[in-house]
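# Any chance you can model this:
(one chain, ligands or ions: 1)
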Amino acid sequence: MNKKKINIFHVFVDIIKISPIKFFSQYFFSVLDAIFLGLTTYQMQKVFDSVIGINNKNLKNIIVELIYLTVFIIISEVSSGISEYFGEYYHDMTLKTLLKNLNLKIAKISPNFFNNSENRDFVNSAIVGAKSVRRVLNVIMDLLFLYLPYYLFIEIYLVSLNPILGISMLFIFFPVLFSQIIKKSYYEKLEENHAPLRRKKNIYSSYIKNKNYLKETRTLNAINYIFKLFNKTSNEYHNLRLIYQKKVNKIDSISKLMTIIGYIGVLGLTIYLIMKNEITIGTFAAVYISLSNLFGLMEEIFEYRLGDSIAVYGKVKKYINFLNLIENSKKNKRLKNIVEEIKSIELKNVSFTYPTGKEAIKNINLKIKKGDRIAVIGKNGAGKTTLSKLILGLYKPTSGEICYNEVPSSLLSLKSIRNKGTAVFQKFNRYKITLKENIAISNIKNKNEEDKIEDILNSVGINSLDKKFIKGLNTVLSKEFEGTELSGGQWQKVAIARGIFKNYDIIVLDEPTAALDPISENELYEKFEEISKNKIAIIITHRLASIKYCNKIIIMDNKKIVDVGEHSELLKNSVYYKKLWYSQSELYEKCDRI
Ligand SMILES: Nc1ncnc2c1ncn2[C@@H]1O[C@H](COP(=O)(O)OP(=O)(O)OP(=O)(O)O)[C@@H](O)[C@H]1O
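Numbering: from 1, shown residues only. Down below sits the predicted model:
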């Protein structure tokens, strides 16, 4: 059962559905504006004709024609104002809805998708695209309900004067239209090449501007080098734009030349018709005014508005393509078996390769059961973190299978597996929200369970009554929002408390004590038994002190598990473990001797 693909029209219909009355009101007034703009031109001819044949008798006639002209101008201006008002109002509502749809989609996409830089570019372009959809729709609607009616009005008026005048008008219109079609493909290509450079530029710029990077960059005297990288990328970015801009300018020049030829042709023809007495001076003036109006409008729509829409169309397409991505949970929907409680996990010949092509896990077999407290150790880059993410259901194996409660994960709802896991990652987030929101973020409805939050905070060594928390649990963890700034270790404690707050069957602690002082580190290990009681607990660590709290130790090397066992077994059988153990204990002994 294939879900129908979303296309630009579905997105437009969604926009219209936000408030059809307001949407169509905008364009009703646009049509009114176009009709009265056209009538103004026609009325102009009548005013000129009556002024040219002026005498006492038709003075009254001139005044009547002038009153009509004024009324037409007023109606046209008022309609244009009302249409703009509805347009502005609708713009904000549309933006909110489109960005909401995009965020909902992002939340459903597998985390592994974001490991690929091309995918991250794709998402960034999709966000810009979502912001531009309304602009594109607006231009299309204005074309249909403002510019086209006005153009048709003038075209019919000119054909009624002389059919050749009508045909000459096409010379003004079509070159611009064709040039826009060619420009559209240029801008699409430009966006493809621009996206990675834009990402690079923003990253380098954050090393200079972002406060988390700034201090280290300055201390290491690296600012000049980063500037160099930024300028190089920035130049590449602008040069690329210039290359495409030159191509676009060429197309624009040719189309402008043809338009001007058409324009001159129409004026020459009207002069010829006057000389032959086939049209009046009033008609000539009306044609002249309508042409300059039309020229102005065309410049507005084609040069600026359509040009701008075409420039962003590549991103709008990315937005639509992004909405069409099949997310994991949807692929799973048919098979959904909700996991109520995870009692066992088995990895069968599991391998995993990142979207970049880097293989991080190879042929791993492992059985884990409720109550296991596992330490995963191994060299940097051995694959420990990747393994934990596979177990948590954040990544899917590239080959092999992971079973939960002896059922292959392909038959289970990934979402329900993820819901049963919690983690304190190496690179945890520092959310600039209140202390209690930081802790209860996994189940924000429970953020007012203040006793539970206080207990957990106390257990990791944070006291919300401390004077630094000016508003207790409601203190925002950032000076930027009149709150407080935490130290690295305090942040790590918040991350641990946040991990424990969630209801979980699996807990992963990835280097959870890197920023903790030795006393806090010991306290966490003491707590480890309580945290992991009747759960599956995995601690990834380089500190062997934590190992005595675990009943199983896994040693990883170069993508594989090379040894599994208890401390005493491994000390006897594993060369790597023995080396690691004695190197750390020797270090302590050396310190003792000093
Ligand atoms: N997002 C990613 N995209 C591509 N490759 C990655 C990504 N994350 C990790 N890797 C690569 O996968 C391999 C395993 O990384 P992993 O983080 O699992 O190792 P680790 O054993 O936890 O290392 P460490 O002890 O340094 O934290 C490494 O070679 C790393 O370069």
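# right, and the helix or strand after the helix or strand bottoming out on mean pLDDT in the chain?
Least confident element among the helices and strands of the chain, by mean pLDDT, DSSP states H and E: helix 328-332 (a mean of 51). Using DSSP states H and E, the next helix or strand after helix 328-332 towards the C-terminus is strand 344-353.
# what's the spacing between L544 and the ligand?
Distance from L544 to the ligand, counting by C-beta to the nearest ligand atom, to the nearest Å: 14 Å. Where C-beta positions appear, they are placed from N, C-alpha and C, glycine not excepted.
# pLDDT weak spots in the stretch 301-450 of the chain?
Along the stretch 301-450 of the chain, segments meeting pLDDT under 70 span 303, 327-336.
# Would you check that T385 makes contact with T541?
No: counting by C-beta atoms under 8 Å, T385 does not reach T541; the two are 11.7 Å apart.
# Please say which of the two ends up with more neighbours.
T541 (22 against 19; other C-beta atoms under 10 Å).
# give the contact list for the single nearest residue of the stretch 101-250 of the chain relative to the ligand.
Of all residues in the stretch 101-250 of the chain, N115 sits closest to the ligand, at 3.9 Å by C-beta to the nearest ligand atom. Residues near N115 by C-beta atoms under 8 Å, 6 or more residues apart in numbering: Y354, P355, T356.
# Number of residues surrounding the nearest residue to the second one once chain neighbours are set aside?
The reference is to P355. Distances taken as C-beta to C-beta, 6 or more residues apart in numbering place N116 nearest to P355, at 3.6 Å, with adjacent residues excluded. N116 has 14 neighbouring residues, counting by other C-beta under 10 Å.
# Contact partners for N116?
So N116 contacts Y354, P355, T356 (C-beta under 8 Å, 6+ apart).
# Give me the pLDDT value at the closest residue in space to the first one that isn't next to it in sequence.
Distance criterion C-beta to C-beta, 6+ apart; nearest residue to Y354, sequence neighbours excluded, is N115 at 5.3 Å. According to the per-residue confidence, N115 scores 84 in pLDDT.
# Next: the one 10 residues further on.
For S125, the pLDDT comes out at 86.
# repeat for the one 5 residues further on
A130 carries a pLDDT value of 88.
# again with the one 3 residues further on
According to the per-residue confidence, V133 scores 87 in pLDDT.
# Ramachandran angles for it?
Main-chain dihedrals, V133, degrees, to the nearest 10: phi -60, psi -40.
# Provide a list of residues in contact with it.
V11, I15, T94, L98, V316, Y319.
# From Y319, how far out is the fourth one?
Relative to Y319, L98 is positioned 8 Å away (criterion: C-beta to C-beta, to the nearest Å).
# And for E236?
25 Å.
# Over to A495?
34 Å.
# So which of these two has more stuff around it?
The neighbour count for A495 versus Y319, taken as other C-beta under 10 Å, is higher for Y319 (28 against 25).
# Now do the buried residues in whichever helix or strand the more buried one is part of.
Assigned by DSSP H and E, Y319 belongs to helix 307-323. Of all the residues in helix 307-323, those buried under the rule 16 or more other C-beta atoms under 10 Å are 307, 309-320, 322-323.
# same question, stretch 280-293
For stretch 280-293, a neighbour-count test (16+ other C-beta under 10 Å) marks T280, G282, T283, F284, A285, A286, V287, S290, L291, N293 as buried.
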